[in-house]
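Chemist: what follows is a predicted protein model with its sequence.
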Amino acid sequence: MLFKSPRGTKDILAASSRLWHELEETARTVFRTFAYQEIRTPVFEDAKLFTRSLGDLTDIVQKQMFIIKRETDTFVLRPEATASIVRAYVENTMYNVNTVTKFFYMGPMFRAERPQKGRMRQFHHIGCEAIGSCHPFLDAEVIILCRELLTALGVGDFSIALNTIGCVQDKKNLSVNLREALVPLKKSFCEDCQTRMTKNIFRVLDCKNRQCREIILSKNIGHEHVCADCKEHFRRVRAALDAAGVPYRMDPLLVRGLDYYTRTVFEVTHPQLGAQDAVGAGGRYDNLVRELGGPDRGAVGFALGVERLFIALGVAQDGAPEPPGEDVYIIPLGEAATRAGFDLLREIRAQGISADMDYMEGSLKASLRRADARKAKRAIVIGDNELSRGIALVKDMAQGTQEEMALSDIVARLKPC
């Protein structure tokens, strides 16, 4: 029986793995420049963590969580990282430090949704969370950080949409306003939106259906529901972004569908992704720390989808495996030479020089072809004749030249290419 990877998952093979490492290291450099430190949380959590933080009527909780039942416990594979990080922040009493605590993270997330372009059941996020302050400039910093990260990764042609949804009371007011404006027209909306009106009316604003969009736009939804304090907070966020020269567009329909968001929300889109064009998103969530058992602490963060970043970059993830390109490739000819070559291999690697050995026991010609195919920089040939003389042939694969070298001198004379 031929087994395949589960639907909605993908193997990251050697050729792609290098690209992932480069992307992750670039991200780490940018995050550290902004004084963020890496955090790693478990890939599964207590199910109640997400029903409490995301809202039990969200699509994620209702339809998309991978549930694991173990005796009396119910766990889920994490669908996102923010709730896990806030849980870790509270559990480890990090709030006792009188400063903003800044985390960055990268790793797999899981949602049981229909796989499509840029949407996998196991996908990967790179993101950050800044916990401990309600200052509007922290919102601006996180958005600036997101832009700097995208630029450092080489992503161009992206746009940032920005909005404020206000505080908890403001969101309640918006919910009432939306129901008054949209529910009387319920039958004119698509089936999904009709369901959303019953469960979570904010999700109607995310609908891509043309007729639904036209009805929503005709209602001229603005910031009438937002209180004076939240409007002032947002004004200062925008002023900080303007001063930093960060381009953005206002989108009063941007609300984000998760319950924990308050005040500033933003989304990054890219035309390469098609209809589902979000490459990442984030915002402020000032009540989540308290709701998960901690003190009253403001927080803001964002997440970028790694698979979506690669789509935006136009980078294919199914390329042919690249040769390893080691500095040294040892070719032993015979059992005695193999033992000597294996000892030499360990000594070379101990010096931090990348090296491998031919284990195929073929002809010299075939071994040299393998060395060339692997893009090895040098080949060391050891045969019975060379071994009896205490030497080896060191061949420069690019130049095609070779020289005899005493086995006892090889390690000292080799340098990484």
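Modeler: Received the coordinates, thanks.
Chemist: drop to CA atoms for contacts and neighbour counts, all remaining ones
Modeler: Fine.
Chemist: Arg52: how many residues sit nearby?
Modeler: For Arg52, the count of nearby residues is 16 (other Cα atoms under 10 Å).
Chemist: what helix or strand does it sit in?
Modeler: With elements taken from DSSP states H and E, the one containing Arg52 is helix 47-54.
Chemist: also Phe137?
Modeler: Secondary-structure element containing Phe137, defined by DSSP H and E: helix 136-152.
Chemist: packing partners for that helix?
Modeler: Contact analysis of helix 136-152 by 3 or more Cα pairs under 8 Å, 6 or more residues apart in numbering; DSSP states H and E lists helix 14-33, helix 228-243, strand 299-305 as its packing neighbours.
Chemist: state the next helix or strand along the chain beyond the lowest-mean-pLDDT helix or strand in the chain.
Modeler: When the helices and strands of the chain are scored by mean pLDDT, DSSP states H and E, helix 59 comes last with a mean of 63. With elements assigned by DSSP H and E, the helix or strand that comes after helix 59 is strand 67-70.
Chemist: Ala371 - nearest residue in space that isn't next to it in sequence?
Modeler: Tyr329 (6.4 Å; Cα to Cα, 6 or more residues apart in numbering).
Chemist: quick check: bridge partners of the closest residue to Gly341 other than its chain neighbours?
Modeler: If the residues on either side of it in the chain are set aside, Gly341 comes closest to Pro332, at 6.1 Å by Cα to Cα, 6+ apart. Pro332 has the following beta-bridge partners by DSSP bridges: Ile382.
Chemist: quick one: Pro332 and Asn385 touch, right?
Modeler: No: checked against Cα atoms under 8 Å, the pair Pro332 and Asn385 is beyond contact range at 11.4 Å.
Chemist: surely Met109 meets Arg78?
Modeler: Yes: with contacts defined as Cα under 8 Å, Met109 counts as touching Arg78 at a distance of 5.6 Å.
Chemist: overlap of the contact sets of the two?
Modeler: Listed contacts common to Met109 and Arg78 are Val43; contacts here mean Cα atoms under 8 Å, 6 or more residues apart in numbering.
Chemist: between these two, which one's more packed in?
Modeler: A direct count of neighbours by other Cα under 10 Å for Met109 and Arg78 places Arg78 higher, at 25 against 19.
Chemist: who are the contact partners of that one?
Modeler: Residues in contact with Arg78 (Cα under 8 Å, 6+ apart) are 43-45, 65, 84, 109-110.
Chemist: 10 Å - rerun?
Modeler: Contact analysis of Arg78 by Cα atoms under 10 Å, 6 or more residues apart in numbering lists 41-47, 49-50, 65-67, 84, 108-111.
Chemist: now it: how far from Ile85?
Modeler: Distance of Arg78 to Ile85, computed by Cα to Cα, to the nearest Å: 11 Å.
Chemist: ok, now Glu404?
Modeler: Glu404 sits at a distance of 58 Å from Ile85 (criterion: Cα to Cα).
Chemist: between those two, which is the more surrounded one?
Modeler: Ile85 (22 against 14).
Chemist: ok but that one is inside a helix, no?
Modeler: Yes: Ile85: assigned to a helix according to DSSP: H, G, I helix; E, B strand; the rest coil.
Chemist: what residue ranges in this structure score low on pLDDT?
Modeler: For the chain, residues meeting the criterion pLDDT under 70 lie at 55-63, 118, 257, 317-321, 415-417.
Chemist: how does it divide up, domain by domain?
Modeler: By the record's domain assignment, the chain is partitioned as 14-167+227-313, 328-413 (automatic domain parsing).
Chemist: now these in a markdown table, with distance to Asn177?
Modeler: Supplementary listing: those in a markdown table, determined by distance: least, Cα to Cα, whole Å:
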| stretch | distance to Asn177 |
| --- | --- |
| domain 14-167+227-313 | 13 |
| domain 328-413 | 65 |
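Chemist: of all the ones you listed, which one is nearest Pro6?
Modeler: With Cα to Cα, the closest approach to Pro6 among these belongs to domain 14-167+227-313: 8.9 Å.
Chemist: ok so, going back, which among the contacts of Arg78 end up buried?
Modeler: Using 16 or more other Cα atoms under 10 Å as the burial test, the contacts of Arg78 include 43-47, 49-50, 65-67, 84, 108-111 as buried.
Chemist: what residues does the closest residue to Thr269 other than its chain neighbours make contact with?
Modeler: Distances taken as Cα to Cα, 6+ apart put Ala278 closest to Thr269, at 4.3 Å, once the chain neighbours are dropped. Ala278 makes contact with 118, 158-160, 267-272, 304-305, 308-309 under the criterion Cα under 10 Å, 6+ apart.
Chemist: can you pull the phi/psi pair for Ala278?
Modeler: Taking degrees, to the nearest 10, you get phi -80, psi 120 for the backbone angles of Ala278.
Chemist: can you tell me the SS state at Asp296?
Modeler: coil.
Chemist: buried sites along stretch 306-315?
Modeler: With burial defined by 16+ other Cα under 10 Å, the residues of stretch 306-315 counted as buried are 306-313.
Chemist: now do stretch 402-414
Modeler: 405-407, 410-411.
Chemist: next: stretch 324-335.
Modeler: Applying a neighbour-count criterion of 16+ other Cα under 10 Å, one finds 325-333 buried in stretch 324-335.
Chemist: end to end, how far does that stretch reach?
Modeler: End-to-end distance of stretch 324-335 (Cα to Cα): 26 Å.
Chemist: please apply the same query to stretch 199-210.
Modeler: By Cα to Cα, the extent of stretch 199-210 from end to end equals 21 Å.
Chemist: centre of the chain to it, how far?
Modeler: In terms of Cα atoms, centre = their mean, to the nearest Å, the centre of stretch 199-210 is set 26 Å apart from its chain centre.
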